[in-house]
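1. Following is a predicted model, sequence given first.
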Amino acid sequence: MSFTSTYAHKPPNYRGIGLTIGFHALLFAGAMALPAITAEIPFEGVITAYPIEIEKEPDPPVTKIEEPIVATNPPPKPVTQVTPIVKPPVFNDPPATGLTSGDDGIDFSGVGDRIEIPITPVETIADPIIADAKLNTRYSNQFQPPYPSGLLRMGEEGMITVRVLVGTNGRAKQIELIDTPHEGFWTATQRHALRKWRFQPATKDGAPFESWIILKVRFEING
């Protein structure tokens, strides 16, 4: 199998050649018309800077404003306090005018215009000495009431508080209950106090008088 070139033995195309040459000429002319492009070359060296004095504009004139003068009151002058000197009165004793003893027994003869009045001292009364009532230690073994048998069997214990009116003879005239944990303790204490308790009565300047006293009685099982 063989091929035959279609371009063989053809005459050259002078028109196309001319167009090609003209096109390249236009490109060259356009390139020449473009501005030149230069490349920056880095600077190597020392640059020295010198200061330059710049003339400074003058400051605007300052207008001084005078402040008004305000009159002030002068400080008050110190006042010196003067203490008046009072002289004691002078009594001129005239001669005796013949005054004799008055109705109250005071002698006015020869005293002139001065009268001496005797002063009687006032007697002060001392406060009374009061001593409160208290238990008589001679009968201290009789103070504790007997233990109620029923409460003793049950093992009940407690403390009762009573108020007693002590007579001038040192005996309990009246007894009042204040507090009790059981009625049996109060009954035993009331009966015993009226019979056995003895006191030293309250006194005023040594004289006995009736007074109230508060006592506590403890009921405790020992052993």
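-> Everything's here; your move.

2. After the worst-scoring helix or strand of the chain on mean pLDDT, which helix or strand is next?
-> The helix or strand with the lowest mean pLDDT-type score in the chain, counting by mean pLDDT, DSSP states H and E, is helix 14-33 (a mean of 65). Counting by DSSP states H and E, the next helix or strand C-terminal to helix 14-33 is strand 130-131.

3. Parallel or antiparallel, list what pairs with that following strand.
-> Under the criterion DSSP bridges, strand 130-131 sits next to strand 202-204 (antiparallel) in its sheet.

4. quick check: mean pLDDT across the partner strand?
-> Strand 202-204 shows a mean pLDDT of 95.

5. buried stuff in the helix or strand just after that strand?
-> Beyond strand 202-204 in the direction of the C-terminus, DSSP H and E gives the next helix or strand as strand 207-209. Within strand 207-209, the residues that count as buried by 16 or more other Cβ atoms under 10 Å are residue 208. No exception for glycine: its C-beta is placed from N, CA and C like everyone else's.

6. in its sheet, what does strand 207-209 sit against?
-> Counting by DSSP bridges, strand 207-209 is paired with strand 202-204 (antiparallel).

7. what does the strand it pairs with contact?
-> Residues outside strand 202-204 that contact it (Cβ atoms under 8 Å, 6 or more residues apart in numbering): 128, 129, 130, 131, 132, 133, 166, 208, 209, 210, 211.

8. Make CSV out of those residues and add pLDDT and distance to residue 146.
-> As requested, the contacts of strand 202-204 are exported to CSV (pLDDT from 0 to 100; distance: Cβ to Cβ, whole Å):
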residue, pLDDT, distance to residue 146
128, 90, 40
129, 93, 38
130, 93, 35
131, 93, 31
132, 94, 28
133, 94, 24
166, 96, 22
208, 95, 30
209, 96, 32
210, 96, 27
211, 96, 27
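
9. Scan the residues you listed and report the most crowded one.
-> Among the contacts of strand 202-204, the one with the most neighbours (other Cβ atoms under 10 Å) is residue 166, at 26 neighbours.

10. wait, what's in contact with it?
-> 133, 172, 173, 199, 201, 202, 210, 211, 212, 213.

11. what would the residues you listed look like in JSON lines with secondary structure and distance to residue 188?
-> Output for the contacts of residue 166, formatted as JSON lines (DSSP: H, G, I helix; E, B strand; the rest coil; distance: Cβ to Cβ, whole Å):
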{"residue": "133", "secondary structure": "coil", "distance to residue 188": "23"}
{"residue": "172", "secondary structure": "strand", "distance to residue 188": "14"}
{"residue": "173", "secondary structure": "strand", "distance to residue 188": "19"}
{"residue": "199", "secondary structure": "strand", "distance to residue 188": "19"}
{"residue": "201", "secondary structure": "coil", "distance to residue 188": "25"}
{"residue": "202", "secondary structure": "strand", "distance to residue 188": "27"}
{"residue": "210", "secondary structure": "coil", "distance to residue 188": "25"}
{"residue": "211", "secondary structure": "strand", "distance to residue 188": "25"}
{"residue": "212", "secondary structure": "strand", "distance to residue 188": "21"}
{"residue": "213", "secondary structure": "strand", "distance to residue 188": "19"}
